[in-house]
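[1] Pasting a predicted model and its sequence here:
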Amino acid sequence: MPVVCRFKFPEGLDREAIESQLALAIVAAECTFGQAKVRISAGYCVSPPSETSNGEKGLKVVIDVSTGVGEHIAQVFAGLMIRQLGEDKFTVDRVGCQNLLRGASDEGR
């Protein structure tokens, strides 16, 4: 079963800045693994801002970490976001896809 890292960012952060850091992490993976392997092996998604079940609004980035390429992208992305925002400005959870879907349906309530 695929495993993903789900990054959650609070409301008010610039979506373009977060997406640009994800793009840098993907470029770093291309430098390590090659463009073709990254294109075939990487999976990621940036959600539109949404409200969670506890009323918090924010942006989510999900990266498939079931491959070495995805793990590398997630590690680089986390490092870039820590440098740019600080450790306390976002959260990251490693979850199975079944739990991810369950969490998404819970957040919509």
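    All right, it came through fine. Residues are numbered from 1 along each chain as shown.

[2] hmm, which helix or strand of the chain has the shakiest average pLDDT?
    Every helix and strand of the chain was ranked by mean pLDDT, DSSP states H and E. The lowest is helix 97-107, at a mean of 50.

[3] Pull out the buried positions in stretch 15-24.
    For stretch 15-24, the neighbour count (16 or more other CB atoms under 10 Å) marks I18, Q21, L22 as buried. Using the backbone N, CA and C atoms, a C-beta is placed for each residue, glycine as well.

[4] dump the residue contacts of the second one.
    Right, the one you point to is Q21. F77, L80, M81, Q84 (CB atoms under 8 Å, 6 or more residues apart in numbering).

[5] which strands and helices sit next to whichever helix or strand the third one is part of?
    Read that as M81. Secondary structure from DSSP states H and E places M81 in helix 68-85. Helix 68-85 sits against strand 3-10, helix 15-33, helix 35-41, strand 57-64, with contacts defined as 3 or more CB pairs under 8 Å, 6 or more residues apart in numbering; DSSP states H and E.

[6] G96 is nearest to which of these?
    Nearest of the helices and strands packed on helix 68-85 to G96, taken as CB to CB: strand 3-10 at 5.7 Å.

[7] Which neighbouring elements make contact with that closest one?
    strand 57-64, helix 68-85, strand 91-96, helix 97-107.

[8] Let me know which of these is the nearest to V3.
    Between the helices and strands packed on strand 3-10, strand 91-96 lies closest to V3; by CB to CB that is 5.7 Å.

[9] helices and strands around the closest one, which ones?
    Right, strand 91-96 is packed against strand 3-10 by 3+ CB pairs under 8 Å, 6+ apart.

[10] Measure how far the strand it packs on is from the centre of its chain, please.
    5 Å (CA atoms, centre = their mean, to the nearest Å).

[11] what about that strand, average pLDDT?
    What strand 3-10 shows for mean pLDDT is 93.

[12] Taking helix 68-85 as reference, get the angle to that strand.
    20 degrees (axes from the mean of the first three to the mean of the last three CA atoms, to 10 degrees).
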